[in-house]
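[1] model this:
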Amino acid sequence: MWFCRALRRVAPNGSRTYATQIGDKKVAVLGAAGGIGQPLSLLLKSHPGASSFLSHLSLYDVVNTPGVAADLSHINTSVKCTHHTGSDALPAALDGADVVVIPAGVPRKPGMSRQDLFNTNASIVQQLTAGIASTCPQAQVLVISNPVNSTVPIAAETLKKAGVYDRRRLFGVTTLDLVRASCFVAEAAGKRPENVHVDVLGGHSGKTILPVLSRVPGVQLTKEQVEKLTNRIQFGGDEVVKAKDGLGSATLSMAYAGARFTLNLLRALKGESGITEAAFVESDIFKKDGVDYFSTQITLGRQGVESVGEVGPLDEYEQGLLKDALEDLKINIKAGVDFAK
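    Sure thing, here's the model as predicted:
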C-alpha cells in the first residue's frame, strides 16, 4: 500500500529497506487538534521512514495543541513536534514551513450540506491564509477545509491580495474522492482496493465529483452499477455523517487521504520524479466556461504543480455529469471569490 511503499528501496542484498537520507522539511498542520488534524498528524509523524524527508511537524490550533504534541512526541520517529495555540501563535507555527495543511474548520452535521459550512469555514481559511502570506509565502498550501470548491478560491484571492500567489503552490485536497472510488468500485468488482485506480475529476462536493468509471483498468460495470456507484462516490460523505449520528463527519478517511497527498508532495519536493495525484487547482481546461479551478491528475515536482493532466475521453453518461459539475463549480468558485473580495 502507498503508506508503506512510499519510501521503500531495494538494498544490495535484495531485501527491502527504507531511505536513510535526512529530511529537512517543515510541515505545519493548522487545525491539528481537530477530528481530521489529530489523525493526520499521527500519520505524518509515524510514517515509516518519514524522517527521510520530514524533520518538523508544527501543530497549530486554537485549543489543545500542547496535549496533541506531547502525545505524538512519544512516538519513536525523529520527526520533531512543536505546539502553537491561539491566533497570536500562528506566525511561530508557520515560520519556515515548507508545506501548510489546513484541515481547520467546523465539521458537517446531519442535514448540513457543504455549502452550509461556508460562512464559518470561509472566514477561518481566509484568516489562516493571510498568516501564510505574511509568514511563509513560499510554502505549499493544502486546503482540506470544506467546501473546498469555495475555500481554495478564497485562499487564492487572499494570496493574490498579498502579492504572493503562485498557482503551482495551492491545492484543494480531493484525494478522499479517489480513495472512496477505488474502495467502492473494488467492492462491486470483487477486486482488491489497492489494485483499483479510478480517475475522479471536477470538484469536491456532490455533483461536482465526476468518477470516470468507463475507464477503470480491468473492470467492467453495468449501467446500473455505474449509476449506483457514481451516486455513492459523489455523496460518500453523507454516508459517514449519517453513520456517526451527529457525532462528526469523515475524519479518519479524510486524514488518511490528506496524509497520502502530503507525503507524496514531500517526496516530490525532495526531487523524486513521476509522482501524480489528483487535486483541485487553478486550471486552464475550462477557463473558457468560467471555471478557473478543476481537479484532474497532476504531476508534482520541486515547485509544486509541475503539470496539469487532461480530462481524457468520457462516455455519454460522464459527459452529462461533466456538464452538471461545471455548472455547480461555477457557482461554488464565484462564491469563494466574492467572499474574499
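
[2] so who does the residue nearest the centre of the chain touch?
    In the chain, the residue lying closest to the centroid (CA atoms, centre = their mean) is V173, at 2.2 Å. V173 sits next to L142, V143, I144, V148, A257, G258, F261, A279, F280 when contact means CB atoms under 8 Å, 6 or more residues apart in numbering. (Glycine included, C-beta is placed from N, CA and C.)

[3] As TSV, those residues with pLDDT and neighbour count would be great.
    Shown next, in TSV, are the contacts of V173 (pLDDT from 0 to 100; neighbours: other CB atoms under 10 Å):
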residue	pLDDT	neighbour count
L142	99	25
V143	98	29
I144	98	31
V148	96	29
A257	98	23
G258	98	25
F261	98	22
A279	98	29
F280	98	28
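
[4] In a markdown table, list the residues you listed along with distance to H74 and secondary structure.
    Shown next, in a markdown table, are the contacts of V173 (distance: CB to CB, whole Å; DSSP: H, G, I helix; E, B strand; the rest coil):
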| residue | distance to H74 | secondary structure |
| --- | --- | --- |
| L142 | 26 | strand |
| V143 | 30 | strand |
| I144 | 25 | coil |
| V148 | 33 | helix |
| A257 | 25 | helix |
| G258 | 22 | helix |
| F261 | 26 | helix |
| A279 | 33 | strand |
| F280 | 35 | strand |
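
[5] And the helices in the stretch 201-341 of the chain?
    Secondary structure of the stretch 201-341 of the chain by DSSP state H, counting those that start in this stretch: the helices cover 223-234, 236-243, 252-269, 316-340.

[6] can you state the direction angle for the second one and helix 223-234?
    This points to helix 236-243. If you take axes from the mean of the first three to the mean of the last three CA atoms, to 10 degrees, helix 236-243 sits at 70 degrees to helix 223-234.

[7] Packing partners of helix 236-243?
    helix 175-189 (3 or more CB pairs under 8 Å, 6 or more residues apart in numbering; DSSP states H and E).

[8] send the alpha carbons of the helix it packs on over as PDB?
    Output in PDB follows, covering the C-alpha atoms of helix 175-189 (Å, rounded to 0.1, in the frame of the first residue of the first chain):
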ATOM      1  CA  THR A 175      -7.800  12.600  -2.600                       C
ATOM      2  CA  LEU A 176     -10.600  11.200  -0.500                       C
ATOM      3  CA  ASP A 177     -12.800  11.000  -3.600                       C
ATOM      4  CA  LEU A 178     -10.200   8.800  -5.300                       C
ATOM      5  CA  VAL A 179      -9.800   6.700  -2.100                       C
ATOM      6  CA  ARG A 180     -13.600   6.200  -1.800                       C
ATOM      7  CA  ALA A 181     -13.900   5.400  -5.500                       C
ATOM      8  CA  SER A 182     -11.300   2.700  -5.500                       C
ATOM      9  CA  CYS A 183     -12.800   1.200  -2.400                       C
ATOM     10  CA  PHE A 184     -16.400   1.200  -3.700                       C
ATOM     11  CA  VAL A 185     -15.500   0.000  -7.200                       C
ATOM     12  CA  ALA A 186     -13.300  -2.800  -5.900                       C
ATOM     13  CA  GLU A 187     -16.100  -4.000  -3.700                       C
ATOM     14  CA  ALA A 188     -18.500  -4.100  -6.600                       C
ATOM     15  CA  ALA A 189     -16.000  -5.800  -8.900                       C
END
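
[9] mind listing what's buried in that helix?
    The neighbour-count check on helix 175-189 (16 or more other CB atoms under 10 Å) flags 175-186, 188-189 as buried.

[10] now do stretch 320-340
    321-322, 325-326, 328-330, 332-333, 335-337, 339-340.

[11] ok, those residues vs V152, which is closest?
    Proximity of these to V152 (CB to CB) peaks at G336, which lies at 7.0 Å.

[12] Show the contacting residues for the closest one.
    With CB under 8 Å, 6+ apart, G336 has these contacts: A122, N149, S150, T151, V152, P153, I154, E157.

[13] Identify those among these that sit within helices.
    Using DSSP state H, the members of the contacts of G336 that fall in helices are A122, N149, S150, T151, V152, P153, I154, E157.

[14] Flag the helix or strand of the chain with the lowest per-element mean pLDDT.
    strand 8-10 (a mean of 38; mean pLDDT, DSSP states H and E).
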